[in-house]
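>>> sequence and predicted model, in that order:
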There are 2 protein chains.
Amino acid sequence: MEANQEPGKADILEAANRIIPYLHRTPVLTCSMIDAMAGANIYFKCENLQKAGAFKSRGATNAVFGIEPHEIMLGVATHSSGNHAAALARAAFLKKIPAYIVMPENSSKVKIAAVKGYGGRITFCRPTLEAREETLSELLKETNAFEIHPYNNYYIIAGQATAALELIEDSPVLDTIVAPVGGGGLLSGTALATHYFSPSTRVIAAEPLGADDAYQSFYQKKFIPSVNPDTVSDGLRTSLGSLTFPIIQRFVTDIITVNDQETIEAMKLVWERMKIIIEPSSAVALAMVLKHKHRFAGQKIGIIISGGNVDLMHLPWLEGIGG
Amino acid sequence: MEANQEPGKADILEAANRIIPYLHRTPVLTCSMIDAMAGANIYFKCENLQKAGAFKSRGATNAVFGIEPHEIMLGVATHSSGNHAAALARAAFLKKIPAYIVMPENSSKVKIAAVKGYGGRITFCRPTLEAREETLSELLKETNAFEIHPYNNYYIIAGQATAALELIEDSPVLDTIVAPVGGGGLLSGTALATHYFSPSTRVIAAEPLGADDAYQSFYQKKFIPSVNPDTVSDGLRTSLGSLTFPIIQRFVTDIITVNDQETIEAMKLVWERMKIIIEPSSAVALAMVLKHKHRFAGQKIGIIISGGNVDLMHLPWLEGIGG
């Protein structure tokens, strides 16, 4: 594929083939109790069971193994407080190149440990977007590493698209696929894969009310950045990207918001009933479907469970968050 | 199969076919981080993702759909504070017969709700084995229901054996399969399935130190009951049965104990790394393998994750249990 060209059908299939040796084909799980509550049939694509605990491993692996080797010979770099950092460190480790990760100094210990566990070289910075970008820019100059943005990169988007591709392959024909939206890497990939491999299926996004920049951008038809986001869904606080937004505008049917209480209830429901650990950023999708039952009644719905990286010492329902 | 004859190869295959329409074929998951810690390759058979959250659904479904219909026409009954109660209620619901469940009055709300959710008819009793047996005996007289013991029943044993059968089918040839032992239904089924379908594989049991009746019985070569068990693994407090113990004696290589702290560490490790919810009774198996690394070094090991029914408001590592 070309780095400057929106991924087509062949690029997504190529990404799927490229990442096979390094990743899990995650299971699609169902739960009759949740189906009964929703009045629909839900197929959960469990990227929380993916390597490094999130779909982010797909994009990072596709980028590191897809980009021309001479371009990334000196390493890859990014700034990230979350799942992309660990995913990129893991992919670079497998490719035997360095990964330089800029992380805000207030990142969770669990996430720092994950990046270090994969051999990532961390540079800490103040927890502002400005400091992150500045630190990364200096680091890129110093190391001549290649920047891999967490979502505004066509290799990343093509990689994330493979989750929906597998979901489509492993489920009956779906009426709707629901994905959460933060920067839009997963959502734009999901929308492309659905467009190419299951064109009769709608794609709908779920977003936290306290970080509804994608909702605003989508309906105002212009880019609105995420300013002072306030949500328990730490993976969904970022703004859309210049590459993800246009794809979302063309191929996504709707973006619907939920509040944090709805998200945490859905998260606990999945833990209790399905016995899998999902993070708040994943629970927004089910929360949205349960909130709008009438809209989805009788449908076959695919939900992308984006990740399962949660601090087990601080569970939101035990700490009164979103309550 | 015959109710009074130890299940053979054909009986286990028959059970596997019988339960297909009602149960999940649960995934076999792996985790490279845990493999690195153990110095071995571990294949986790995830019965926590089974219907009703535990392997118990296999035995209960095999019993309810395998026993002659005229015998259970008036319903099935058992006493259970745990996963067998929900599993039997669910199987009876699917078979459209009543399930009468005797539960101790101090059973957890989550487990009572699960039994009620499947339409089980609960009779509460004092929390002693004597009261449970007495109450069940009266109930059987009143209702003419058919008793389905949680483990001392060949239909149950043949049903539980199907978990190991699937694990064997879905993994490379295993050196060892590890299962937890309480009453011995899962362990004896696992031992039979392994004997018939992967005879070169050893079966080793893991048991909590605070409820080591199976360990004692195994090495003293006589039945030693479980008296005042003290362990966080609530599913493993029961004594072996007259049908399970002889199978265990013949086909199990070893029984090894772990303490509750080791169990809770293994439990938290699986939650963190594999993003699946397992109950303490399941974690004993991994705890045992990690404790005896030298013994299992370089092996391919199957572990049966027995269930995932945990009270999410009370997590052992947040409450200092086993610490």
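Thanks, I have the structure now.
>>> in the stretch 151-300 of chain A, what residue lies closest to chain B?
Residue nearest to chain B within the stretch 151-300 of chain A: A:Lys275 (3.3 Å; CB to the nearest CB). (Each C-beta comes from the backbone N, C-alpha and C, glycine too.)
>>> by mean pLDDT, flag the weakest helix or strand of chain A.
Sorting the helices and strands of chain A by mean pLDDT, DSSP states H and E puts helix A:109-117 at the bottom, at a mean of 88.
>>> so what secondary structure elements neighbour that helix?
helix A:83-95, strand A:99-104, strand A:121-125 (3 or more CB pairs under 8 Å, 6 or more residues apart in numbering or on different chains; DSSP states H and E).
>>> which residues touch the residue minimising distance to the centre of chain A?
With distances taken as CA atoms, centre = their mean, the residue of chain A nearest its centroid is A:Leu186 (4.7 Å). Contacts for A:Leu186 (CB atoms under 8 Å, 6 or more residues apart in numbering or on different chains) come out as A:55, A:151, A:160, A:163, A:179-180, A:304, A:306.
>>> same question, A:Asp234
Contacts of A:Asp234 by CB under 8 Å, 6+ apart are A:81-82, A:279-281.
>>> pLDDT at the residue in the stretch 51-200 of chain A that chain B sits nearest to, what is it?
Proximity of the stretch 51-200 of chain A to chain B (CB to the nearest CB) peaks at A:Gly53, 5.7 Å away. With respect to pLDDT, A:Gly53 scores 94.
>>> not counting sequence-adjacent ones, nearest residue to it?
Closest residue to A:Gly53 apart from its sequence neighbours, by CB to CB, 6 or more residues apart in numbering or on different chains: A:Asn309 at 4.6 Å.
>>> closest one of the contacts of A:Asp234 to B:His294?
Nearest to B:His294 among these, counting by CB to CB, is A:Glu279 at 36.3 Å.
>>> where are the low-confidence patches of chain A?
A:322-323 (pLDDT under 70).
>>> which bits of it sit near chain B?
Within chain A, the residues that sit near chain B (CB under 8 Å from any CB of the partner chain) are A:27, A:29, A:32-33, A:48-49, A:51, A:53, A:110, A:117, A:268, A:271-272, A:274-278, A:308-309, A:312-313, A:315, A:317-318.
>>> which of the residues you listed fall within strands?
A:Leu29 (DSSP state E).
>>> please spell out which residues along the helix ranked longest in chain A are buried.
Longest helix in chain A by number of residues (criterion: DSSP state H): helix A:154-170. Within helix A:154-170, the residues scored as buried using 16 or more other CB atoms under 10 Å in any protein chain shown are A:154-168.
>>> can you tell me which helices and strands that helix packs against?
Right, helix A:154-170 is packed against helix A:9-19, strand A:28-29, strand A:41-46, helix A:56-66, strand A:176-180, helix A:185-197, strand A:300-305 by 3+ CB pairs under 8 Å, 6+ apart.
>>> closest to B:Ala77 among the contacts of A:Leu186?
A:Ile304 (43.0 Å).
>>> would you agree that closest one is in contact with A:Ile177?
Yes: contact criterion CB atoms under 8 Å: A:Ile304 and A:Ile177 qualify, at 7.1 Å.
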